[in-house]
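Participant: here is the input, now give the coordinates:
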Amino acid sequence: MRTWKFNEFIRLLERNGFALNRQSGNARIYTGTVDGKVRLVSVHFHRGSDDIRPGTLGSMIRQSGLSKKLFR
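Facilitator: A predicted model of the protein is given here:
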């Protein structure tokens with residue numbers, strides 16, 4: 001899997017119907033519907049240009065319910 005930046009990840013979420021639900025400090029919660037289920041994705045970062053660590057990326061992908069193919 002390639003390296004992702006937080007800004008890229010957020011753009012992909014938004015292109016797939018997710019929207020910013022709320023924000024508190026450096027934590028943003030995005031809400032979207034995937035396969036008929038409402039999904040919440042927690043995105044915690046300081047700068048959008050920062051790389052996402054592989055474990056964090058995997059967690060956010062699972063939270064979103066989107067296909068892993070979108071992230072390759």
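Participant: surely Leu66 is in contact with Asp35?
Facilitator: No. The pair Leu66 and Asp35 does not pass the contact test of C-beta atoms under 8 Å, sitting 9.6 Å apart. Just so you know, the C-beta spots here come from the backbone N, C-alpha and C atoms, and that holds for glycine as well.
Participant: which of these two has more residues huddled nearby?
Facilitator: Leu66 (21 against 7; other C-beta atoms under 10 Å).
Participant: what count of nearby residues applies to Phe9?
Facilitator: Neighbour count for Phe9, taken as other C-beta under 10 Å: 22.
Participant: which residues in this structure form strands?
Facilitator: All strands of the chain, identified by DSSP state E, fall at 19-24, 27-34, 37-44.
Participant: turn these into CSV, columns for mean neighbour count, distance to Arg62 and mean pLDDT.
Facilitator: Listed next are the strands of the chain as CSV, based on neighbours: other C-beta atoms under 10 Å; distance: least, C-beta to C-beta, whole Å; pLDDT from 0 to 100:
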stretch, mean neighbour count, distance to Arg62, mean pLDDT
strand 19-24, 10, 18, 96
strand 27-34, 16, 11, 97
strand 37-44, 14, 9, 97
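Participant: need those strands in JSON lines (columns: distance to Trp4).
Facilitator: As requested, those are exported to JSON lines (distance: least, C-beta to C-beta, whole Å):
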{"stretch": "strand 19-24", "distance to Trp4": "18"}
{"stretch": "strand 27-34", "distance to Trp4": "15"}
{"stretch": "strand 37-44", "distance to Trp4": "11"}
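Participant: quick one: furthest residue from the center of this structure?
Facilitator: Distance to the chain centre peaks in the chain at Gly36, reaching 18.0 Å (criterion: C-alpha atoms, centre = their mean).
Participant: next one: that residue from Ser24, what distance?
Facilitator: Distance, Gly36 to Ser24, using C-beta to C-beta, to the nearest Å: 28 Å.
Participant: likewise for Phe18?
Facilitator: The gap separating Phe18 from Ser24 is 17 Å, by C-beta to C-beta.
Participant: equivalent analysis for Leu66, please.
Facilitator: According to C-beta to C-beta, Leu66 stands 24 Å off from Ser24.
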